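Novice: predicted model, plus sequence, below.
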Amino acid sequence: MITADDLRALHAFAAAPEEALRYLASAVEDIRLVPGEYFAHEGDDRALFIVVEGLAEITKVVNGEERVIGTRTPGRFFGEVPMTLSTPFPASGRAAGPTRVLKLEPSAYYTLAALAPSVPELVAGLARRYLDSLQTMAAEKREPGVRLIHPPRSARAHRAIGFLTRNQVDFDAATTDAAPDDPQYPVVELADGRMLRNPAMRELAEAVGLDVAPAADHYDVTILGAGPAGLTAAVNAAAEGLRTLVVETFAPGGQAGTSTRIENYTGFPFGISGDDLARRAFTQAKRLGAEIVVTRTVETLDTTTRTLSLDGGDAVRADVVILATGVVWRTLPVEGVDRFLGSGVYYGAARSDSAVAQGADVCIIGAGNSAGQAALFFSRHARSITLLVRGESLEASMSRYLIDQISAIPSIRVETRTEVVALHGGDTLQSADIADRRAGSVERRDVDVLFVMIGADAETAWLPPQIARDARGFVLTGADAADSGTWPETRRPFALETTVPGVFAIGDVRSGSVKRVVAGVGEGGAAIAFTHQYLALGRSG
C-alpha cells in the first residue's frame, strides 16, 4: 500500500500538504503490473494515473497497428487530458516492464483538488501542453501509404473503400471525372510508387500488408468468420494458449460491422459503431496471438479430418472448427437491381457510406434496428431520409428508443405499407417507383441512394451434408443436433456443437440463435469453453 511519505517523494506531490497526502494514500488504487499488462484502454472512462515505479508506454492503434506514441516515467501522469476535459482516454497505457501505477478516480481527484490546489493546476498545465502538441501534429501534412483514385458513385470504388476502412487501413481518396464503370478504376497508389489499376480485393489486401494466407497447416482452433462471435472466440482461444486461425471473406466485423450504431451493447452507454467494435476486437485478438487472414473463402470441409480447403489452393487442418459465418443481407426482389449495386443501391449501411449519402435524397428499406440506426446516422449527412416500411408500423420490429429518436428528426420521413417495385437510371440510380399498398398507387420519385435492410439469410450451402441444418439453412447445434438423427456418438453434443463432433456453430449462423451482437459475443466465449472440454475428451481417450 502506498503511504503519504511515498507520495511526497514524487515531484508532483512534493508541495502538497500532509492532509492531502494522507487522503490520497487512502483513496488511490495501487496497481502493480507485469510487462505488457494494460492499465488503461483507449475509450475507457477518465481517470488519472501516476507512475510510481517502472515505465509505462502510451499506445494507439494507427492503420491497424498498435504503436507506442509516448512513455511515462516515475512521477509522471497519464490521463491529464481526459480528467481536465471530461473525455474518454484517447490512447492506451501499458507496462513496458514491471511497473507500479496509482489510479485516482474523478471523485477522489476533486476531493484532492480541494485539499491541494497545486495538483489540479499541474494537471491542467500538462493537459494544455499535450493539447498544444496535438495541435502542432494535426497541422502537419499526413502522408498515408495508400491513395485511392476513383470516379464518383463507382461500385468497385465503393467496395474498395469499404474494404480498406473496415480493415483499418489509413488511406486518402480522390475523385476523377471518369465514368463510374471505367474498367481501369479504382486506381490505388502505394507509398513505394506502385500503382494498381482496378485490383482484386486479395491483390489490394496483399499490397497494403494484410494477411491473406495461413502461416501454418495445422491449428488448435480454426474460426470461420470475423464477426463479433468469431472475434470473441479468437480472443478467448488465443488468450488461453490455443493456436488460433480466423478466416474472413471480406473484413472483420461481419454484418455488425456495417451497423452505424449499436446502442444496446453492455458497457457503451452512448453506443458504439459496428466498425469501431470490430476494430477493438480485431486489435485485441491480434495482440493476444490470433492469426487473422482476409479475402479467403473456405470451399470444403472434410468432416473426418477437419481439413479446410481455401480458395486459391491452401488447406489447413484444425482440431476444432468453429462456424461463425453469420448471415448475408437478403436481396431486393426488383428487376435490374444488380445493375445499380454499389452505384446507388447498397445492402447494409456502414459509417464509411456517409460519403455516398452526403447531400443526397436517401431511401432506406427496412423496419428493424439496423434500418433505424442507419436513418439516424445518415440524417446528419443527407438532404432527406425516407424510411420505407412494408408493414403497418415500426413498433413490431424496431426498438422503442430508436422510434422515439426518429420521430424527433424532421428530415426523416417514415412511410408504412410501401415497397420499391422498380428502379431507374443510367450508370447510376436516379429514381425509384414506390408502391403505396394502402392507396393502391405507384409514384416515381427521385432517389439518389437506396439502402436495403430487409432481413438476412444463412449462406451454408457449401457445408458438407454431415452438418445438419434447419429448413432455412441455419446450423443445428446442441439438443437440436442430438435430436436430428444424425449425431454419430453416444455422448450428447455440447451446447454449441453441430452434428459433426469437434465442429461448433456460433452467432447468427446457428439455428435458434438470438440475432443480437451481445448474444454472439457470449456464444463466442462459450464456444472456447466447450472447445477445451472437447479437446480433453481426446486427450483422456
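Specialist: Yep, that arrived. Residues are numbered from 1 along each chain as shown.
Novice: surely residue 511 is in contact with residue 478?
Specialist: No. Counting by CB atoms under 8 Å, residue 478 is not a contact partner of residue 511; they are 9.5 Å apart. The way it works is simple: take the backbone N, C-alpha and C, and place the C-beta from them, glycine included.
Novice: tell me which element residue 70 falls in.
Specialist: Residue 70 is part of strand 65-72 when elements are defined by DSSP states H and E.
Novice: next secondary structure after that strand?
Specialist: strand 77-78.
Novice: quick check: mean pLDDT across that next one?
Specialist: Summarised as a single mean, pLDDT over strand 77-78 is 86.
Novice: elements contacting that strand?
Specialist: Applying 3 or more CB pairs under 8 Å, 6 or more residues apart in numbering; DSSP states H and E, one finds that strand 77-78 contacts strand 48-53.
Novice: paired strands for the helix or strand that the strand it packs on is followed by, with orientation please.
Specialist: As assigned by DSSP H and E, the chain's next helix or strand after strand 48-53 is strand 56-62. Applying DSSP bridges to the sheet, strand 56-62 is found paired with strand 65-72 (antiparallel), strand 92-95 (antiparallel).
Novice: using CSV, write down the CA coordinates of strand 56-62.
Specialist: The C-alpha trace of strand 56-62 is given here as CSV (Å, rounded to 0.1, in the frame of the first residue of the first chain):
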residue,chain,number,x,y,z
ALA,A,56,4.6,3.0,-18.8
GLU,A,57,4.1,3.0,-22.6
ILE,A,58,1.3,5.0,-24.2
THR,A,59,0.0,3.3,-27.3
LYS,A,60,-2.5,3.9,-30.0
VAL,A,61,-3.8,1.8,-32.9
VAL,A,62,-2.8,3.5,-36.2
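Novice: go through it and flag the buried ones.
Specialist: 56, 57, 58, 59, 61 (16 or more other CB atoms under 10 Å).
Novice: save those residues as JSON lines, and put in pLDDT and distance to residue 363 too.
Specialist: Converted to JSON lines, those look like this (pLDDT from 0 to 100; distance: CB to CB, whole Å):
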{"residue": "56", "pLDDT": "92", "distance to residue 363": "50"}
{"residue": "57", "pLDDT": "92", "distance to residue 363": "48"}
{"residue": "58", "pLDDT": "90", "distance to residue 363": "45"}
{"residue": "59", "pLDDT": "88", "distance to residue 363": "42"}
{"residue": "61", "pLDDT": "73", "distance to residue 363": "35"}
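Novice: nearest to residue 243 among those residues?
Specialist: In terms of CB to CB, no member of the buried residues of strand 56-62 lies closer to residue 243 than residue 61, at 23.8 Å.
Novice: which SS class is the nearest residue to that closest one once chain neighbours are set aside?
Specialist: Spatial nearest neighbour of residue 61, chain neighbours left out: residue 283 (5.3 Å); criterion: CB to CB, 6 or more residues apart in numbering. Secondary structure assignment for residue 283 (DSSP: H, G, I helix; E, B strand; the rest coil): helix.
Novice: what's the local residue count around residue 283?
Specialist: 21 (other CB atoms under 10 Å).
Novice: now do the strands in the stretch 51-200 of the chain.
Specialist: 56-62, 65-72, 77-78, 92-95, 99-104, 146-150, 172-175, 187-190, 195-197 (DSSP state E, counting those that start in this stretch).
Novice: distance of residue 310 relative to residue 385?
Specialist: 41 Å (CB to CB, to the nearest Å).
Novice: higher neighbour count, those two?
Specialist: residue 385 (26 against 18).
Novice: state the number of residues packed around residue 479.
Specialist: Neighbour count of residue 479, defined by other CB under 10 Å: 12.
Novice: any idea of the mean pLDDT for the host helix or strand of it?
Specialist: In this structure, residue 479 sits in helix 478-482 according to DSSP H and E. Mean pLDDT, computed over helix 478-482, is 95.
Novice: which is the next helix or strand following it?
Specialist: Next element after helix 478-482 (DSSP H and E): strand 503-505.
Novice: who's in contact with that following strand?
Specialist: Under the criterion CB atoms under 8 Å, 6 or more residues apart in numbering, residues 301, 303, 306, 320-324, 467, 475, 477, 494, 496-498, 527, 530-531 lie in contact with strand 503-505.
Novice: quick one: the most centrally placed residue in the chain from residue 172, how far?
Specialist: Closest residue to the average C-alpha location of the chain: residue 278 at 1.6 Å, with CA atoms, centre = their mean. From residue 278 across to residue 172, the span is 22 Å (CB to CB).
Novice: low-scoring stretches of this structure, by residue?
Specialist: For the chain, the stretches flagged by pLDDT under 70 are 62-65, 120, 126-127, 130-144, 255-260, 264, 270, 539-541.
Novice: please enumerate the helices of it.
Specialist: 4-8, 18-27, 80-85, 106-115, 118-139, 155-166, 201-207, 228-239, 274-287, 354-357, 369-378, 400-407, 478-482, 517-540 (DSSP state H).
Novice: which stretch among the ones you listed is buried most, on average?
Specialist: The highest average neighbour count among the helices of the chain, using mean count of other CB atoms under 10 Å, belongs to helix 228-239 at a mean of 29.
Novice: quick one: contacts of it?
Specialist: Under CB under 8 Å, 6+ apart, the answer for helix 228-239 is 220-221, 223-224, 226, 244, 246, 248, 252-254, 256, 277-278, 281-282, 284-285, 288-290, 292, 322, 324, 326, 506-508, 517, 520-521, 523-525, 527-528, 531.
Novice: let's see 6 Å
Specialist: By CB atoms under 6 Å, 6 or more residues apart in numbering, the residues outside helix 228-239 that reach it are 221, 223, 244, 246, 256, 281, 284-285, 288-290, 322, 324, 506-507, 517, 520-521, 523-525, 527-528.
Novice: next one: stretch 166-182
Specialist: With CB under 6 Å, 6+ apart as the criterion, stretch 166-182 contacts 63-64, 144, 146-149, 151-154, 164, 185, 208, 210, 251, 253, 257, 275, 279, 343, 427.
Novice: quick one: the residue nearest to residue 61 and residue 151, what's the gap?
Specialist: Residue 283 is 33 Å from residue 151, by CB to CB.
Novice: what do you get for residue 363?
Specialist: From residue 363 over to residue 151 (counting by CB to CB), the distance is 23 Å.
Novice: quick one, which of these two is more surrounded?
Specialist: A count of neighbours by other CB under 10 Å puts residue 363 above the other of residue 363 and residue 151, at 26 against 20.
Novice: hmm, the more buried one is touching residue 452, no?
Specialist: No. The pair residue 363 / residue 452 is not scored as a contact, 9.3 Å apart, by CB atoms under 6 Å.
Novice: and residue 470, what is it in contact with?
Specialist: Residue 470 neighbours (CB under 6 Å, 6+ apart): residue 511.
Novice: for residue 352, same thing?
Specialist: With contact set as CB under 6 Å, 6+ apart, residue 352 has these partners: 161, 162, 165.
Novice: just give the closest residue to the second one, not the sequence neighbours.
Specialist: The shortest distance from residue 162 to any non-neighbouring residue, by CB to CB, 6+ apart, is to residue 352 (5.4 Å).
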